[in-house]
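*Asks:* Fold the following for me, if possible:
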Amino acid sequence: MNKSGLIEALSRKENLTEKMAIDVVNLVFKGFTDELGKNGRIEIRGFGSFVVRKYEAYTGRNPKTGKSIKVSPKKLPFFKVGKELKERVDSKR
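*Replies:* I've put the predicted structure just below:
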């Protein structure tokens, strides 16, 4: 499912106009983005958690040329799946 699919499903299920569903989804995504931008943590019980992981600088290799390159330190969002979601997905085999 992508963002437009989520908006459509929310609109249908909760009997919202498309504009209202767009506003709700954008509000949730903005809240997530703002919290992660402050190095915060988002936990949704039964689903999982989002955290920001910090990576130090390192020397990498350009796969095309084979030359060594320096990679700057960076912060990236990371998702850890929750136990309930993991079990539900695994039971659908």
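
*Asks:* which residues are in contact with the longest helix out of those in the chain?
*Replies:* Secondary structure of the chain per DSSP state H: the longest helix is helix 18-37. Applying CB atoms under 8 Å, 6 or more residues apart in numbering, the contact partners of helix 18-37 are 3, 6-8, 10-11, 14, 16, 41-42, 50-52, 77. Where C-beta positions appear, they are placed from N, C-alpha and C, glycine not excepted.

*Asks:* what comes up buried for that helix?
*Replies:* Ala21, Ile22, Val24, Val25, Leu36 (16 or more other CB atoms under 10 Å).

*Asks:* Alpha carbons of that helix, in CSV - could you do that?
*Replies:* The C-alpha trace of helix 18-37 is given here as CSV (Å, rounded to 0.1, in the frame of the first residue of the first chain):
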residue,chain,number,x,y,z
GLU,A,18,-10.8,12.8,0.2
LYS,A,19,-9.6,16.2,1.4
MET,A,20,-10.2,15.3,5.1
ALA,A,21,-8.4,11.9,4.7
ILE,A,22,-5.5,13.7,3.0
ASP,A,23,-5.3,16.1,5.9
VAL,A,24,-5.4,13.3,8.5
VAL,A,25,-2.6,11.3,6.7
ASN,A,26,-0.4,14.3,6.2
LEU,A,27,-0.9,15.3,9.8
VAL,A,28,0.3,11.9,11.0
PHE,A,29,3.2,11.8,8.6
LYS,A,30,4.2,15.4,9.6
GLY,A,31,4.1,14.4,13.3
PHE,A,32,6.3,11.3,12.6
THR,A,33,8.8,13.4,10.6
ASP,A,34,9.0,16.2,13.2
GLU,A,35,9.6,13.7,16.0
LEU,A,36,12.3,11.8,14.2
GLY,A,37,13.8,15.2,13.1
